[in-house]
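[1] Got a predicted structure plus its sequence, pasted below:
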Amino acid sequence: AALRGAIKRRLSPLSDQEISLVGTKDVPHIYSSRAGLFDVDLMGHMNNASYLQHAELARWEWSSFGGSLAQGFKTKSFFIVTASMIRYRRE
């Protein structure tokens with residue numbers, strides 16, 4: 001996911017100023033992927049843990065695209081997820 005974000009950044013027609021706005025309320029970061037074989041059950045429903053795995057991959061892609069991952073490597077400081085919560089509304 002981090003490599004995919006870095007490639008997207010390099011190929012992006014956006015300027016660095018515009019890239020810094022990606023992930024804000026006005027310019028959302030859009031992560032797209034396909035559910036894998038182990039992400040769904042026999043009924044075709046996505047497993048609960050898979051939602052968090054895809055959210056984690058989206059976070060890595062966004063941080064790489066926005067440049068914060070490269071900055072973290074330079075300064076040896078990284079972000080951590082201390083908690084996550086998903087509320088499932090209905091099936």
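    Cool, got the structure.

[2] Now that we're looking at Thr75, what pLDDT does it have?
    Predicted confidence (pLDDT) for Thr75: 91.

[3] how many neighbours does it have?
    For Thr75, the count of nearby residues is 8 (other CB atoms under 10 Å). Any C-beta I mention is one placed from the backbone N, CA and C, and that applies to glycine too.

[4] need the helices for the chain, in chain order.
    2-11, 16-19, 48-66, 68-75 (DSSP state H).

[5] now the second one: how far from the chain's centre is it?
    Taking CA atoms, centre = their mean, to the nearest Å, one finds helix 16-19 lying 18 Å from the centre of the chain it belongs to.

[6] for the first one, same thing?
    If you compare the mean C-alpha spot of helix 2-11 with that of the full chain, they lie 12 Å apart, counting by CA atoms, centre = their mean.

[7] Can you show me the CA trace of that helix as PDB?
    Taking Å, rounded to 0.1, in the frame of the first residue of the first chain, the C-alpha atoms of helix 2-11 are listed here in PDB:
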ATOM      1  CA  ALA A   2       2.800   2.400   0.800                       C
ATOM      2  CA  LEU A   3       4.500   1.600  -2.600                       C
ATOM      3  CA  ARG A   4       1.100   2.100  -4.400                       C
ATOM      4  CA  GLY A   5       0.700   5.500  -2.700                       C
ATOM      5  CA  ALA A   6       4.300   6.600  -3.600                       C
ATOM      6  CA  ILE A   7       3.600   5.600  -7.300                       C
ATOM      7  CA  LYS A   8       0.300   7.500  -7.200                       C
ATOM      8  CA  ARG A   9       2.100  10.600  -5.900                       C
ATOM      9  CA  ARG A  10       4.800  10.400  -8.600                       C
ATOM     10  CA  LEU A  11       2.200  10.000 -11.400                       C
END
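
[8] Measure how it sits relative to helix 68-75, angle-wise.
    110 degrees (axes from the mean of the first three to the mean of the last three CA atoms, to 10 degrees).

[9] Can you give me the buried ones in helix 2-11?
    2, 5-6, 8-9 (16 or more other CB atoms under 10 Å).

[10] Let me have those residues in TSV, extended by distance to Ala35.
    Shown next, in TSV, are these (distance: CB to CB, whole Å):
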residue	distance to Ala35
Ala2	20
Gly5	20
Ala6	24
Lys8	21
Arg9	25
